[in-house]
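A.B. asks: make a model of this:
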Amino acid sequence: MNNMKAFLAKIFAKYIVNKEQKWIKHPFETQDSILKELIVAAKNTTFGKDHHFDQINTYEDFKNHVPVNDYEGLKHYFDEVIAGKVDVLWPGKPLYLAKTSGTTSGAKYIPLTKESVPTHINSARNALLHYIHETNNSSFVNGKMIFLQGSPILEDKNGLKVGRLSGISAHFVPNYLQKNRLPSYETNVIEDWETKVDKVVDETVKANMTLISGIPPWLIMYFERLIKVSGKENVQSIFKDLQLMVTGGVNYEPYREKVNQLIGRKIDCIQTYPASEGFIAYQDTQKSDDLLLLLNNGIFYEFIPVEEFFDEKPTRISIKDVEIGKDYVLILNTNAGLWGYNIGDTVRFTSTKPYKIVVSGRIKHYTSAFGEHVIGHEVEQALQKTIEKCPASVNEFTVAPQVNPIDGLPYHEWLIEFDHKPQNMSEFNRELDIQMRLQNPYYDDLITGNILRSLIISVVEKDGFQHYMKSIGKLGGQNKVPRLSNNRDIADEFHQLNLIQKN
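C.D. replies: Take a look at the predicted model:
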């Protein structure tokens with residue numbers, strides 16, 4: 001039976017990969033078609049009437065009628081959806097509301113419709129099928145798999161089911177994977193993260209795990225506890241058949257070395273880019289780490305150059321006009337009723353045949369206290385290149401400006417939790433500053449012009465990031481510490497909690 005499941009997975013993978021090539025080879029036609037379908041479907045909604053969808057025939061028309069907005073800008077429409085009104089942003093009512101955090105008004109409730117839900121489920125499936133097709137490895141479908149998710153228990157809000165996206169997704173795990181799936185339902189519903197991880201370890205430490213899915217900080221926490229509980233040297237001593245990891249939420253590269261070290265060897269990894277607002281991209285090959293932008297997924301994409309985003313009238317373009325190597329703020333229009341929606345992420349194109357991206361940061365998470373506008377991709381690249389020259393292992397890090405130091409010029413403070421410190425911290429600090437100057441010419445100009453002094457590293461105590469996240473009630477799940485801040489809120493909290501090692 002197991003051999004049959006693996007065999008059928010290969011056949012299905014070949015079918016899906018071939019099918020996907022149709023839209024991959026026709027990106028412009030695909031996106032044009034998506035935009036037309038979205039406009040026609042939502043023409044008679046409240047939003048469609050307010051923005052004259054009946055007058056939209058081209059993308060230029062669309063830009064003239066639909067402004068760029070974030071959650072706050074669309075909040076009065078979301079409030080009507082949450083109140084149970086029909087035909088507000090999309091025909092009818094949504095099937096679910098995905099609850100996320102992070103706006104000035106508290107929780108966000110993102111609609112999931114009968115049209116959008118399948119795109120989330122099928123994209124996660126297709127990422128695995130691309131891997132099977134490329135590697136010819138499908139044996140992992142026979143072992144146990146972790147799809148660690150938020151609680152699948154859903155609340156009711158005016159007749160709408162509400163939960164975390166990962167908890168909603170738990171209701172759509174295919175039958176052929178249900179028997180292989182861990183942890184148990186009883187464990188998945190535990191809200192306290194540390195208790196949940198302990199239970200997951202108990203349930204899995206003696207299982208034949210072949211696939212593990214989670215965001216990198218959770219993977220590290222889980223692996224460390226597994227090793228401690230089992231008394232084994234590394235994860236491969238516990239799970240001899242572990243073959244594959246699936247991750248998302250943050251760039252995997254800064255965590256790769258640490259994860260491989262805990263496992264005891266290099267392991268294949270599929271990176272994904274899911275969000276409550278839509279499943280945007282996934283890694284379709286093990287030969288490169290960039291992500292295939294999903295152009296046939298019920299989403300019409302727009303892009304605004306990062307350097308223009310805060311201008312009064314920034315350039316706003318479709319897939320046809322993007323350039324490789326340039327950072328763009330990602331704007332979504334979706335079959336869940338999001339219109340001109342700024343998801344808050346910045347992306348950089350690595351290819352246009354097919355269209356592939358890396359997530360380069362958050363437009364709200366940057367450091368530009370002095371006009372340098374440093375983004376996530378730059379600090380991650382600088383740290384990675386520094387580690388290559390000055391070997392070290394980093395668990396987690398965040399960067400903040402120090403505008404008013406007690407003495408000397410202002411500087412960027414890097415709060416870094418090392419697993420293994422570099423042999424020479426001064427050399428590491430110096431190399432990191434050099435790499436940052438190479439990544440960001442504005443930062444280099446500020447150093448050269450004696451506006452800033454070289455960056456300073458504050459070494460965070462072991463498990464310091466976990467303590468910080470626990471202190472603000474955001475340990476676990478899809479929560480992560482921002483790579484960059486434009487103020488001292490996070491950095492000062494680390495100092496106040498005494499999470500910084502004394503020199």
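A.B. asks: switch to C-alpha atoms for all contacts and neighbour counts from now on
C.D. replies: OK.
A.B. asks: show me the contacts for Ile317.
C.D. replies: Listed by CA atoms under 8 Å, 6 or more residues apart in numbering, the contact partners of Ile317 are 302-304.
A.B. asks: out of those residues, name the ones that lie in helices.
C.D. replies: Where the contacts of Ile317 are compared with helices, as defined by DSSP state H, there is no overlap at all.
A.B. asks: and which of those residues is nearest to Met221?
C.D. replies: Phe303 (35.4 Å; CA to CA).
A.B. asks: any figure for the gap between that closest one and Ile56?
C.D. replies: Computed as CA to CA, to the nearest Å, the Phe303 to Ile56 distance reads 19 Å.
A.B. asks: of these two, who's got more company?
C.D. replies: In terms of neighbours (other CA atoms under 10 Å), Phe303 is the more surrounded of Phe303 and Ile56; the figures are 22 against 19.
A.B. asks: quick check, that one in contact with Ile331.
C.D. replies: Yes - in this structure, Phe303 sits in contact with Ile331. The criterion is CA atoms under 8 Å, and the distance is 5.8 Å.
A.B. asks: give me the nearest residue to His130, chain neighbours excluded.
C.D. replies: Beyond its immediate neighbours in the sequence, the residue positioned closest to His130 (CA to CA, 6 or more residues apart in numbering) is Asp284, lying 5.5 Å away.
A.B. asks: on that earlier part again, from the contacts of Ile317, pick the one nearest Lys228.
C.D. replies: Proximity to Lys228 was ranked across these by CA to CA; first place goes to Phe303, at 45.8 Å.
A.B. asks: what pLDDT does the residue of the chain most remote from its centre get?
C.D. replies: For the chain, the residue at maximal distance from the C-alpha centroid (CA atoms, centre = their mean) is Asp407, at 38.1 Å. What the model reports as pLDDT for Asp407 is 88.
A.B. asks: repeat that for Gly264.
C.D. replies: The per-residue pLDDT reported for Gly264 equals 93.
A.B. asks: just to revisit the earlier point, where does the residue farthest from the centre of the chain fall, phi/psi-wise?
C.D. replies: Here the main-chain torsion angles of Asp407 (degrees, to the nearest 10) amount to phi -150, psi 160.
A.B. asks: again with Asp87
C.D. replies: phi 50, psi 40.
A.B. asks: ok, and the helix or strand in this structure with the lowest average confidence?
C.D. replies: helix 175-178 (a mean of 62; mean pLDDT, DSSP states H and E).
A.B. asks: off-centre distance for the helix or strand immediately after that helix in the chain?
C.D. replies: Downstream of helix 175-178, the next assigned helix or strand under DSSP states H and E is strand 181-182. Going by CA atoms, centre = their mean, to the nearest Å, the spacing between the C-alpha centre of strand 181-182 and its chain's C-alpha centre is 23 Å.
A.B. asks: okay, the helix or strand just after strand 181-182 in PDB with CA atoms only?
C.D. replies: The first helix or strand that comes after strand 181-182 along the chain, using DSSP H and E, is helix 185-188. As requested, the backbone C-alpha atoms of helix 185-188 are provided in PDB (Å, rounded to 0.1, in the frame of the first residue of the first chain):
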ATOM      1  CA  TYR A 185      -5.800  17.200  17.400                       C
ATOM      2  CA  GLU A 186      -5.600  17.400  21.300                       C
ATOM      3  CA  THR A 187      -2.100  18.800  21.100                       C
ATOM      4  CA  ASN A 188      -2.900  21.200  18.200                       C
END
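A.B. asks: so what secondary structure elements neighbour helix 185-188?
C.D. replies: With contacts defined as 3 or more CA pairs under 8 Å, 6 or more residues apart in numbering; DSSP states H and E, the packing partners of helix 185-188 are helix 193-204.
A.B. asks: by contact count, what packs against the very next helix or strand once past the helix it packs on?
C.D. replies: Tracing the chain past helix 193-204, the next element assigned as helix or strand by DSSP H and E is strand 209-213. Identification of packing neighbours for strand 209-213 by 3+ CA pairs under 8 Å, 6+ apart yields strand 144-147, strand 244-248.
A.B. asks: can I get these in CSV with mean neighbour count, distance to Thr187 and mean pLDDT?
C.D. replies: As requested, the helices and strands packed on strand 209-213 are exported to CSV (neighbours: other CA atoms under 10 Å; distance: least, CA to CA, whole Å; pLDDT from 0 to 100):
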stretch, mean neighbour count, distance to Thr187, mean pLDDT
strand 144-147, 22, 12, 83
strand 244-248, 20, 20, 90
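A.B. asks: as JSON lines, those strands with distance to Phe28 would be great.
C.D. replies: As requested, those are arranged in JSON lines below (distance: least, CA to CA, whole Å):
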{"stretch": "strand 144-147", "distance to Phe28": "34"}
{"stretch": "strand 244-248", "distance to Phe28": "27"}
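A.B. asks: out of these, nearest to Gly214?
C.D. replies: From the helices and strands packed on strand 209-213, taking CA to CA, the stretch that ends up closest is strand 244-248, at 5.2 Å.
A.B. asks: show me what the closest one is packed against.
C.D. replies: Using 3+ CA pairs under 8 Å, 6+ apart as the contact test, the elements touching strand 244-248 are strand 209-213, strand 268-275.
A.B. asks: please repeat the previous calculation with a cut-off of 10 Å.
C.D. replies: helix 117-135, strand 144-147, strand 209-213, helix 216-230, strand 268-275 (3 or more CA pairs under 10 Å, 6 or more residues apart in numbering; DSSP states H and E).
A.B. asks: okay, now the sheet partners of it, with direction.
C.D. replies: Each strand that pairs with strand 244-248, with its direction, by DSSP bridges: strand 209-213 (parallel), strand 268-275 (parallel).
A.B. asks: in JSON lines: those strands, plus mean pLDDT.
C.D. replies: Formatted as JSON lines, the entries for the strands paired with strand 244-248 read as follows, by pLDDT from 0 to 100:
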{"stretch": "strand 209-213", "mean pLDDT": "91"}
{"stretch": "strand 268-275", "mean pLDDT": "92"}
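A.B. asks: and these: which comes nearest Gly361?
C.D. replies: Among those, strand 268-275 comes nearest to Gly361, with 12.5 Å by CA to CA.
A.B. asks: and the closest residue to Ile24 other than its chain neighbours, how many neighbours?
C.D. replies: Counting by CA to CA, 6+ apart, Pro354 is the residue found nearest to Ile24 once chain neighbours are left out, at 6.3 Å. For Pro354, the tally of surrounding residues (other CA under 10 Å) stands at 15.
A.B. asks: tell me if I'm right that Pro354 and Ile324 touch.
C.D. replies: No - counting by CA atoms under 10 Å, Pro354 sits too far from Ile324 to count as a contact (11.7 Å).
A.B. asks: contacting residues for Pro216?
C.D. replies: 222, 245-256, 258-259, 395-396, 478, 480 (CA atoms under 10 Å, 6 or more residues apart in numbering).
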